[in-house]
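In: After the sequence you'll find the predicted model.
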Amino acid sequence: MKLKTLKRLLSYVKPYTPLVVIAFILAAVAVALTLTAPIITGKAVDCIIGKGNVDFELMMKYIIILFFVVIGTALSNWLLGFVMNKISHGTVRDIRNETFSKFSKLPLSYIDHTPKGDTMSVIISDVDSISDGIIQGFTQLFTGIATIVGTLIFMFGINVKIALVCVLITPLSLVVASTISKYSYKFFSEQTEVRGELGGYINEMISGQKTIQAFSYKESSEKKFKEINGRLYKCGVKAQFLSALTNPCTRFVNGIVYAAVGVSGAFAVVGGALSVGFLSTFLAYANQYTKPFNEISGVITELQAALSGAERVFALLDEKEEESDENMPTLENPDGSVSVENVFFSYDKNVPLIEDFNLKVNPGMRVAIVGPTGCGKTTLINLLMRFYDVNSGKISVSGNDITEITRDSLRSNYGMVLQETWLFKGTIRDNIAYGADNPTDEEIVEAAKSAYAHSFIKRLPDGYDTVISDDDENISQGQKQLLCIARVMLIKPKMLILDEATSSIDTMTEIRVQKAFNKIMEGRTSFVIAHRLSTIKEADAILVMKSGKVIEIGTHDELIKKAGFYSELYNSQYRQA
Amino acid sequence: MLKLARYLKNYIKEVIIGPFFKLIEAVFELIVPLVMAKIIDVGIENSDKSYILKMGGVMILLGVVGLCCALICQYLASRTSQAIGTDLRNDVFSKIGSLSYSQLDKFGSASLVNRIISDVNQLQLAVAMLIRLVVRVPFLIIGATVMAFSINTELAVIFVVIIPLVALSLYLVMSRSVPYYKRIQKNLDGVSGIVRENLNGVRVIRAFSGQDRENIRFQKATDIVMEENIRVGRISAILNPVCYVILNLAIIAILYFGGGKVYDGAVSQGEIIALVNYMTQISLALVVMANLVVIFTKAGASASRVNEIFDETPDISDGNGATTSENAPAVEFKDVCFDYGNNGEYELEGITFSVRKGETIGIIGSTGSGKSTLINLIPRFYDTAKGEVFIDGANVKDYIVSELRRKIGIVPQKSALFSGTVRENLTIGNENASEETIKKAIRIAQAEDIIERMPEGLETFIAEGGRNLSGGQRQRLTIARALVREPEILILDDSSSALDYVTDLNLRKAIKEETDNMTVFIVSQRANAIKNSDRIVVLDDGRISAIGKHEELLKTSDVYIEICKSQEVKG
């Protein structure tokens, strides 16, 4: 399972193959040079034997060689660091971009049902932990292994017996490192999980800040935060401690190796099999040989954190996408007719919602949808825009089954203004231009004017270049709504969906917006979900919905005459008047 | 970063004991090369195998004791660092809770989450390293130098020359890379911001087929992060090789000058090897040092981001206590002016009116006329620029903020439900609410059928932000929540916009009939929603244009007449 994740992670490094090859070569050179240095130092030491017994000429030769070896090592190490940096940050960017573009292909049912904090932490923190794992991990893993192999070769070249002593102690190093990492992995994944939960909670509390303050909920929310935080502390200490064990433990093993090499080396010198200079070389190797084990086990913890992050990233990447519509035809110049035939739909299999829904809308018709809260109006939009697919039945636009044309072409023929506004961080100009292809400034101003947004935009400090965001408090909810309307005005779609869009605009503005809408609705099919009877009265057809079903259809006058649910709604409005 | 040092205070014991044990370990580590020199100079010289074995045993013993000391230190380090991290997170979260909406806005929620999680993590790591390595590394370096002096003073001078050189290169590299780390963190916040926008606006983005555009925007942001990372990597990659060169030059110097000393008989061969070993030890310690410096620089950047939150003084702070009087009006505005502090133009100006206990006040006016601002002054979400607001005869600024808000039940325009059961959500403002109170609030808020239809009634779980409910259901539950508080003042800020007429009407009727002596403010765009109020305040461009009953206003107020006309509201 873990191996599969690792393999998949490595596949993201593939585009950087040339760099990886260069890195391998550099690492090999760096390791070889690093290992040569102690040999030369040892040889130089052998020139210094005792009082009156120093071979200065030979020593100088070794010293000069050592100098060049050192410069070479430094240079190759620097290049290696540089190349690895490029590989890892490139890879991370690629993975992050892929998760994001995956997100844009996920069906809304997934997005609606996954806490936002979770998705956030996958795209941000988990990808970050992959980055740390790869950067730290692979550089050290590779140079580490190269160092181990290289040292062994050099050691065996100098003295087989002492080299064997080193090798015999090696398994101890490995056992210690792998035992520790096995346990710490468990706590690391637990830690990541709790951290995600904490992030989600913070997100939720911040977005509900107004409510928290209004209801003095601060203390309770802090209590809950402390509870999650406390859990994070518990598994954090365990994960930290276990991973911190690696270092002293492997250092202890190093100490044993050092002592063993020292003693057996000294014996060899006494026996005449080794010079003192080579003993010093061996001691340097003993240090260098065990160090990579140390580093690799350190890397393993990094890698494990990266892997558990990667698993969640891949889980997101493996989510089922919306079915591909790549080869489907696009919807070109629809006439605006919409028909809904025998549609059944529900979010939850056990709770049927829309059942056997039929509707025929001719081009240019104005359809008003009314009904009590929760009657399925929002669901209808989800289906018309194909945010969700119907369970059975068929919706067609201009005679085309909407499941047989591309989603983009379907949606771009609708202009949608939702009850909840959405603006992104950017200038007002960019926000209005959102759905259009490179509109001119005149077109943008024109759209803003027809949405009655121009005058307030003009008054902002930077006019159309004012940077705004969705949670901006400097422009009112109604003004945000006007901007969203201007956005639709700009693209002049064939069909409109207005979801209570005018509910937080004041009446004065609303009248003007209404007029503007009336103008663009001419010749366009429109679905309006609004509570205002004035809007509804002008509609060509009124859909009265209740509990997911259309219970009445007709014009205002027809429905009043019918004296059904609609007339009851209508009269209740006037009874109070 | 120093500002956050106070968090170490509670763990002073650990912060001292931990490094102490680490120090012992380091001492042992320093003795090892000395023991090795003895093996060479005494053991080998005299071919004394038992001496060699004995010294080998000493080395292993040093290792075992060193291990025990290290374990104690590691344990203390993990516990302390995690505990401090936990304290910090609690405090940051609590601080966030005391900030006003506009202050939070300044940071953005993505950035706040990053600060609490990633930045505190970075600080946590720094604390662990502080305990584990900060004492050990300099000690190893100084210790190795001292040992070198004990062997030969003249050769030890090499050590003294080398160390400042390494320190200088460390400083140069760090001072150049620190600004990058700060920028990278900021750019990462930008990336999170885009993700958040996409999560919130997924429907709109798809409706406008904006996915490609969003992908490009996101890719641009990640490209910047990558480029900055590579740039800073280029600088920090210099550090290790430079240190390596300096240290090996030192080894060359030891060999060169040492050769002469040995020739003169001032130094032994074994001692030369020991000196080389000490230099290697320093080089290893310096590698750790370089990492430490990176960790601390990152922590420094993180600390300043955390401190930015701590340094934010809450806009609103508690007063000294309010003296209320029975007979005073429930709410009174006296010549109140207000501005959001951006352009000097008043959002509200010269607002004066008072409301009797139990009165229902409607507030109407066009977008931007200041309706929401006006009612936000009552629970003191903002402070007035001029003039005062009184509740029960006491200035709102004199109240303890939580006491003031305890009197008020407010349903804001964008009301939030939290993940948790319906019951938990309803009792947020009044955790000791009786079953009866809850039932009554649900009945008044017209939410009985919502609860009835839920599979587990009040115990049904609501997803984050109330995603599994419709807009109207959410609104009714938030109204019920305000009522569960049994407030003296109820404020509905355009909060029935998602309700249909019948429900809205029944809601208003129920509020009137079933609550006695509750002062009610209804803010609305719809004349119908407020026309039955005891009095109506008509706002126009931040000023009160008229106050009065529906019928009166229909005769006197042009603004009001126009609103009613446009909405086909009859007299």
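Out: Arrived safely. Numbers count the residues shown, from 1 in each chain, chains lettered A, B, ... in the order given.

In: Would you mind listing what in the stretch 301-450 of chain A touches chain B?
Out: Selection of the stretch 301-450 of chain A residues close to chain B by CB under 8 Å from any CB of the partner chain yields A:370-374, A:378, A:385, A:387, A:407-408, A:411-412, A:414, A:416, A:418-419, A:422, A:424-425, A:434-435. No exception for glycine: its C-beta is placed from N, CA and C like everyone else's.

In: Tell me where the chain has strands.
Out: Using chain A. If you assign secondary structure with DSSP state E, the strands in chain A sit at A:48-50, A:53-54, A:338-345, A:354-361, A:366-370, A:392-397, A:400-401, A:414-417, A:426-427, A:467-468, A:495-499, A:525-529, A:541-546, A:549-554.

In: Oops, wrong one, chain B.
Out: Along chain B, the stretches classed as strands by DSSP E are B:331-338, B:348-355, B:360-365, B:386-391, B:394-395, B:408-411, B:420-421, B:461-462, B:489-493, B:519-523, B:535-540, B:543-548.

In: Residue of chain B closest to chain A, please.
Out: Nearest residue of chain B to chain A (CB to the nearest CB) works out as B:Gly472 at 2.6 Å.

In: for the strands of chain B, which one sits closest to B:Lys298?
Out: strand B:420-421 (35.9 Å; CB to CB).

In: Output the contacting helices and strands for the closest one.
Out: Applying 3 or more CB pairs under 8 Å, 6 or more residues apart in numbering or on different chains; DSSP states H and E, we find strand B:420-421 packed against strand B:461-462.

In: So in that sheet, which strands flank the strand it packs on, and in what orientation?
Out: Note on strand B:461-462: by DSSP bridges, its sheet partners are strand B:420-421 (antiparallel).

In: Touching the strand it pairs with from outside, list them.
Out: B:458-462 (CB atoms under 8 Å, 6 or more residues apart in numbering or on different chains).

In: what residue lies at the spatial centre of chain A?
Out: Taking CA atoms, centre = their mean, the centroid of chain A lies closest to A:Ile123, which sits 1.6 Å from it.

In: who touches A:Leu10 in this structure?
Out: So A:Leu10 contacts nothing (CB under 8 Å, 6+ apart).

In: domain parsing for chain B?
Out: Split into domains by automatic domain parsing, chain B comes to B:2-311, B:331-566.

In: gap between the two ends of the first one?
Out: End-to-end distance for domain B:2-311: 14 Å, by CA to CA, to the nearest Å.

In: how far does that domain sit from the chain's center?
Out: Remark: domain B:2-311 is offset 25 Å from the chain centroid, using CA atoms, centre = their mean, to the nearest Å.

In: just to revisit the earlier point, now, among the contacts of strand B:420-421, which is nearest to A:Gly208?
Out: Using CB to CB, B:Ile462 is the member of the contacts of strand B:420-421 that lies nearest A:Gly208, at 12.1 Å.

In: shaky segments in the stretch 301-450 of chain A?
Out: Within the stretch 301-450 of chain A, the segments meeting pLDDT under 70 span A:301, A:372-375.

In: hang on, I meant the stretch 101-250 of chain B
Out: Short version for the stretch 101-250 of chain B, where the test is pLDDT under 70: B:101-102, B:105.

In: what's across from the residue nearest to B:Ser372 when sequence neighbours are not counted in the sheet?
Out: Once flanking residues are discounted, B:Ser372 sits nearest to B:Asp493: 5.7 Å by CB to CB, 6 or more residues apart in numbering or on different chains. Legend: beta-bridge partners of B:Asp493 under DSSP bridges are B:Val523.

In: residue contacts, B:Asp493?
Out: B:Asp493 makes contact with B:371-372, B:375, B:410-413, B:523, according to CB under 8 Å, 6+ apart.

In: out of the contacts of strand B:420-421, which is most surrounded?
Out: Neighbour tally across these (other CB atoms under 10 Å in any protein chain shown): the maximum, 22 neighbours, falls on B:Ile462.

In: Give me the distance between it and B:Ala416.
Out: 11 Å (CB to CB, to the nearest Å).

In: Between the contacts of B:Asp493, which sits nearest A:Thr281?
Out: B:Pro412 (75.2 Å).

In: What's the local residue count around the closest one?
Out: Summarising burial for B:Pro412: neighbours were counted as other CB under 10 Å, giving 24.

In: Kindly report the same for B:Thr437.
Out: B:Thr437 has 17 neighbours, counted by other CB under 10 Å.

In: Pretty sure it sits against B:Pro487.
Out: No - the pair B:Thr437 and B:Pro487 does not pass the contact test of CB atoms under 8 Å, sitting 11.6 Å apart.

In: list the contacts for B:Ala266?
Out: Contacts of B:Ala266 by CB under 8 Å, 6+ apart are B:Asn152.

In: about what we covered before: want to throw the domains of chain B into JSON lines with distance to A:Val21?
Out: As requested, those are exported to JSON lines (distance: least, CB to CB, whole Å):
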{"stretch": "domain B:2-311", "distance to A:Val21": "19"}
{"stretch": "domain B:331-566", "distance to A:Val21": "47"}
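
In: what sits against the residue lying closest to B:Ser325 once chain neighbours are set aside?
Out: Leaving aside its chain neighbours, B:Ser325 sits nearest to B:Gly393 (4.1 Å; criterion: CB to CB, 6+ apart). The neighbours of B:Gly393, taking CB under 8 Å, 6+ apart as the test, are B:323-325, B:327-329, B:332.

In: Give the residue spans of the stretch 301-450 of chain B that score low on pLDDT.
Out: In the stretch 301-450 of chain B, residues with pLDDT under 70: B:340-345, B:367-368, B:414-415.

In: ok, 90 please
Out: Residue ranges of the stretch 301-450 of chain B with pLDDT under 90: B:301-329, B:337-350, B:357-358, B:365-373, B:375-377, B:379-386, B:397, B:400-422, B:424-433, B:445-450.

In: per-domain residue ranges of chain A.
Out: Following automatic domain parsing, one gets these domains for chain A: A:2-197+A:236-317, A:338-575.

In: From A:Ser125, how far out is whatever residue of the stretch 451-577 of chain A ends up closest to chain B?
Out: Of all residues in the stretch 451-577 of chain A, A:Gly478 sits closest to chain B, at 3.3 Å by CB to the nearest CB. For A:Gly478, the distance to A:Ser125 equals 37 Å [CB to CB].

In: Any idea how many residues pack against the closest residue to A:Tyr110 other than its chain neighbours?
Out: Of all residues not flanking A:Tyr110 in the chain, A:Glu319 sits nearest, at 5.9 Å (CB to CB, 6+ apart). As a burial measure, A:Glu319 scores 15 neighbours (other CB under 10 Å).

In: In contact with A:Glu319, which residues?
Out: A:Glu319 makes contacts with A:102, A:106, A:110, as judged by CB under 8 Å, 6+ apart.

In: Buried members of those residues into ChimeraX, please.
Out: Here is the ChimeraX selection string for the buried members of the contacts of A:Glu319, based on 16 or more other CB atoms under 10 Å in any protein chain shown:
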select /A:102,106
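
In: now, among the contacts of A:Glu319, which is nearest to chain B?
Out: Among the contacts of A:Glu319, and counting by CB to the nearest CB, the member closest to chain B is A:Leu106, at 8.9 Å.

In: Which residues are in contact with that closest one?
Out: Contacts of A:Leu106 (CB under 8 Å, 6+ apart): A:319, A:321-322.

In: Could you do A:Met155 as well?
Out: A:162-163, A:166, A:282, A:285, A:289.
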